[in-house]
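> Okay, sequence plus prediction incoming.
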Amino acid sequence: MSQSSKHNSVPRVIFGGIIQESNTFSIARSGMDDFVQNYVLVDEELSASKGRNEYGGLMKAAMERGANLLPTMAAASATSSGRIPRATVGALTGLLYPRIQARLAKGCDGIFLTLHGAWSGEDEDDLCGELLAAVREMAGPEMPIVVTLDSHANVTEKIISSVNALVGYRTFPHVDYWETGYRAAHLLFDIIEGKRHPVIAYRKVPMIVQAENHMTSRGPMRELWQQAEEGERTGRSTITSLFAVQPWLDVKEMGCSVVVIGEREQQADAEEEAELLARLFWDKRSSFDAELYSVGRVLDFIRDQNPSGPVIVSDSADSPGAGSPGDSNYVLRELLRLDADQWLRAQLSLFDAAAARVAVAAGEGRTVRLRVGHSVSTDFGEPLEIEGTVVKISDGRFQYSGGFVPGSEAQMGHSAVIAIGTLSLLLIEQSVFTGDPAMYRSVGLEPANADFVLVKSAAQFRFEYEKLSEHIFILDTPGASTANLHGLPFRHIPRPMYPFDDNFI
C-alpha cells in the first residue's frame, strides 16, 4: 500500500510528461525555445490547462473516480526534429524529475505520464525509455505507472520494463488524444484500487512501413484494428495498442510493435493475442506500400483531367510533423522549371526565417527578390532565387482545427504571402505543422479555390483536406522524412528488416 493510501482513501496521482518525436535523418535540432514556442507548463499551470488532449481525459476520469491529481511538468515541441541535444534533454528533465521526487516524498498512489515514444537524443536512441527508467527508479517497484504513447512510438524493452501499462492512440490522423488519456487514467485507477492486475504482452515486428498508409479509417491499419477490437470484446485483451512506428529512426531497437494489456490470471490469452496480431501485422506489410508521384506527373493529371476542386499534393519528405524542417524548395523549384507560374493557381508554404522577415519588412504591394529554402536542411538542397510581390503579411498566428488538437494555436512568426505569377508562396519565420487548411486561410488564401495545394505531411492532413478534395498525391521528393525509404541511409537498424529484406519469417 502506498504512503498516501494508509491515511487517505482518495487516490493521489502524479501526472506530467514530455512529448517529442525525433527523426534521426534530420539535422534540425530542437532547443528549449522550440518547446516554449508550443508549451512548457509547470505545477498549477498544468492543472489549469484546458484542451482535448491526454491531460483533459485524465482530469475527466479523475473527477469521475474522485481522485486528486498532482501536477508536475508538461512540455511538447511545436514540431518534430532530429536527435535532441543533451542540453535540451537536461533542461526538460530538470523541470520534471525534481517535481516528481517532491510529489513522491509527500505520498502518492500512482503516476500518469504522457510521452511520444519515438524520442531520440544525440547520445541515446531511446530517451523515453531513459526517462521512464529514471522515474521507476525514483518511484520504486511497487508504484503503478501508466503511460500514454503516440501510435508512431518505437516501443522498446526499457519502456515495457519500466511501466505497469501503456496505452497508444487508436487513430491516425490522430484525433483521440483525450480518449487515450481517459482510457489510460481509468486503467491506472483500476490498478490503484486493486481491480486490475495487468500483464504486458509485447511483440516487436521486424518491419518499417511508409507513414502515408498508416490511416486507421481504411486499409491495413483499419483491418488490424478490427481484429484488435475483437480481441478486446472477447476478453483476450483489456487494452490493445498497435504501433506502426514512424519510419525515420535509424536505431538499434527499431520496428513496429503490438502491446496487449491483459489480466495476470489470463496472461496466456494476452500472449496469444499479441502473437496473432503481430503475425497479421507482418502478413499485411506490402499493403502499406504507397504510390509516389513526380511534380510533373501531378501537373499532367491537372491538365488532362481538369478536376473541379483542388489537387492536394503532399511533400511528406519535408514534413515538420516527422522531423523535417519544412524548408525544402523542391516543389517550388519544379513548378517554376515547368512554367507552372504561368497558369497554375498553386498554394505552397516554406519555412525560411530570414526571407520571411525581409518580405514582411518590405511590406504589402512591394516587389522583392529573395533567396528561399534549405536554410536548415542544407544536406538536401540549396536556396532558390525568386522574385515576386508581397500580397499579404501576418503575425503568423492561427488556430488548428480537427486534424490536430482542436483549438491549439500555431505560431508561424513573421509571415508573408509572395505572388510569383499565379503561384502563392507562404513564407513563415517559424516551422509549424502544415497539414491544416487553417494555415492558408489565416493569410487570406482559400485552398478550395486553388488548383494545387501543397502540404508537408504524410497523412495527418487528410482529416481536413479530404473534406476538400478526393484528388491526393504523395510526391517522391528528397528530404529527411521521405516516403522513399530505400533512399535513406539506414545503418543501425536490426536486420533482416522489411522493406529492405523480405520473406524471412
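Perfect, I can see it now. Residues are numbered from 1 along each chain as shown.

> CA atoms for contacts and neighbours, from now on please.
Will do.

> Contact partners for the spatially most central residue of the chain?
Residue closest to the average C-alpha location in the chain (CA atoms, centre = their mean): G321, at 5.6 Å. When contacts are counted by CA atoms under 8 Å, 6 or more residues apart in numbering, G321 touches 79-80, 433, 457.

> ok, residues contacting the longest helix that the chain contains?
The residue-count maximum for a helix in the chain (DSSP state H) belongs to helix 86-106. Taking contacts as CA under 8 Å, 6+ apart, the residues outside helix 86-106 that touch it are 4, 14, 16-18, 30-32, 42, 70, 72-75, 121-123, 135, 138-139.

> circling back to that earlier point, state whether the residue nearest to the centre of the chain is indeed within a strand.
No. G321: not assigned to a strand; according to DSSP: H, G, I helix; E, B strand; the rest coil it is helix.

> For the stretch 301-450 of the chain, give me the ranges with low pLDDT.
402-407 (pLDDT under 70).

> pLDDT weak spots in this protein?
Counting by pLDDT under 70, the low-confidence segments of the chain come to 1-8, 402-407.

> Show me it divided up by domain.
Following automatic domain parsing, one finds the domains of the chain at 1-196, 199-289, 295-482.

> In TSV, list those domains along with distance to P489.
Shown next, in TSV, are these (distance: least, CA to CA, whole Å):
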stretch	distance to P489
domain 1-196	8
domain 199-289	8
domain 295-482	10
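
> circling back to that earlier point, the contacts of G321 into TSV, with extra columns for neighbour count?
Written out in TSV, the entries for those read as follows (neighbours: other CA atoms under 10 Å):
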residue	neighbour count
T79	25
S80	29
F433	25
S457	28
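
> Check the offset of the longest strand anywhere in the chain from the chain's centre.
Using DSSP state E, we find that the single longest strand of the chain is strand 384-394. If you compare the mean C-alpha spot of strand 384-394 with that of the full chain, they lie 30 Å apart, counting by CA atoms, centre = their mean, to the nearest Å.

> mind saving the C-alpha coords of that strand as CSV?
Coordinates of each C-alpha in strand 384-394 appear next as CSV, following Å, rounded to 0.1, in the frame of the first residue of the first chain:
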residue,chain,number,x,y,z
LEU,A,384,16.4,29.2,-54.8
GLU,A,385,16.3,32.8,-56.0
ILE,A,386,12.7,34.1,-56.6
GLU,A,387,11.1,37.4,-57.5
GLY,A,388,7.5,38.2,-56.5
THR,A,389,5.1,40.7,-55.0
VAL,A,390,4.2,40.7,-51.3
VAL,A,391,0.4,40.5,-51.2
LYS,A,392,-0.2,39.8,-47.5
ILE,A,393,1.8,40.0,-44.3
SER,A,394,0.7,38.4,-41.0
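
> same for the next helix or strand after it, what does it pack against?
Beyond strand 384-394 in the direction of the C-terminus, DSSP states H and E gives the next helix or strand as strand 397-399. Applying 3 or more CA pairs under 8 Å, 6 or more residues apart in numbering; DSSP states H and E, one finds that strand 397-399 contacts strand 409-411, helix 438-441.

> Give me the contacts around strand 397-399.
So strand 397-399 is in contact with 406-413, 438-439, 442, going by CA under 8 Å, 6+ apart.

> Spell out which two among those are the most distant pair, please.
Of all pairs drawn from the contacts of strand 397-399, the one with the largest separation by CA to CA is P406 and G413; the distance is 20.0 Å.

> I493: what secondary structure?
What three-state DSSP gives for I493 is coil.

> How many neighbouring residues does it have?
15 (other CA atoms under 10 Å).

> doesn't W248 make contact with it?
No. The criterion here is CA atoms under 8 Å, and I493 misses it with W248 at 10.7 Å.

> returning to what we had before: of the contacts of helix 86-106, keep whichever come out buried.
Among the contacts of helix 86-106, those scoring as buried are 4, 14, 16-18, 30-32, 42, 70, 72-75, 121, 135, 139 (criterion: 16 or more other CA atoms under 10 Å).

> So which of those residues are in strands?
Filtering the buried ones among the contacts of helix 86-106 for strands - DSSP E - leaves 14, 16-18, 42, 70, 72-75.

> Now tabulate the residues you listed in TSV and tack on distance to A354.
Converted to TSV, those look like this (distance: CA to CA, whole Å):
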residue	distance to A354
I14	42
G16	35
G17	33
I18	30
V42	32
L70	42
T72	37
M73	33
A74	31
A75	27
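
> Out of these, which is nearest to I505?
I18 (35.8 Å).

> Tell me the bridge partners for the closest one.
Here I18 shows beta-bridge partners A75, L115, assigned using DSSP bridges.

> who's in contact with it?
Neighbours of I18 in contact, by CA under 8 Å, 6+ apart: 74-76, 92, 114-116.

> Rebuild those as TSV, extending it with distance to D304.
Below are the contacts of I18 laid out as TSV (distance: CA to CA, whole Å):
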residue	distance to D304
A74	50
A75	48
A76	44
L92	53
T114	48
L115	46
H116	43
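
> Filter the contacts of G321 down to just the ones in strands.
Counting by DSSP E, the contacts of G321 place none of their members in strands.

> sorry, back to before: now that we have the contacts of strand 397-399, which of them are buried?
Among the contacts of strand 397-399, those scoring as buried are 410-413, 438-439 (criterion: 16+ other CA under 10 Å).

> Just give me the closest of the contacts of I18 to S401.
Within these, proximity to S401 (CA to CA) peaks at A76, which comes in at 18.3 Å.

> Leaving out chain neighbours, which residue sits closest to the closest one?
Distances taken as CA to CA, 6 or more residues apart in numbering place I19 nearest to A76, at 4.6 Å, with adjacent residues excluded.

> I figured that neighbour hits S77, correct?
Yes. The pair formed by I19 and S77 meets the contact definition of CA under 8 Å, at 7.0 Å.

> any residues in contact with both of the two?
Counting by CA under 8 Å, 6+ apart, nothing touches both I19 and S77.

> coming back round to it: what separates the residue nearest to the centre of the chain from L132, distance-wise?
Counting by CA to CA, to the nearest Å, the gap from G321 to L132 is 24 Å.

> cool, and T156?
The spacing between T156 and L132, counted by CA to CA, is 11 Å.

> picking up where we left off before, can you tell me which of the contacts of strand 397-399 is nearest A354?
Distance from A354 was checked for each of those by CA to CA. The minimum falls on G413, at 11.3 Å.

> in terms of contact, does the closest one touch L427 like I think?
No. Here G413 does not reach L427: they are 9.8 Å apart, not a contact under CA under 8 Å.

> so where do the helices sit in the chain?
32-38, 44-48, 54-65, 86-106, 127-139, 157-162, 177-192, 219-233, 267-283, 295-305, 330-337, 353-362, 438-441, 462-465.

> Would you point to the one among the ones you listed that's packed deepest?
Mean neighbour count (mean count of other CA atoms under 10 Å) peaks for helix 177-192 among the helices of the chain, with a mean of 23.

> Can you work out which other helices and strands pack against that one?
Counting contacts by 3+ CA pairs under 8 Å, 6+ apart, the secondary-structure elements packed against helix 177-192 are helix 54-65, strand 110-115, strand 145-149, strand 165-168.
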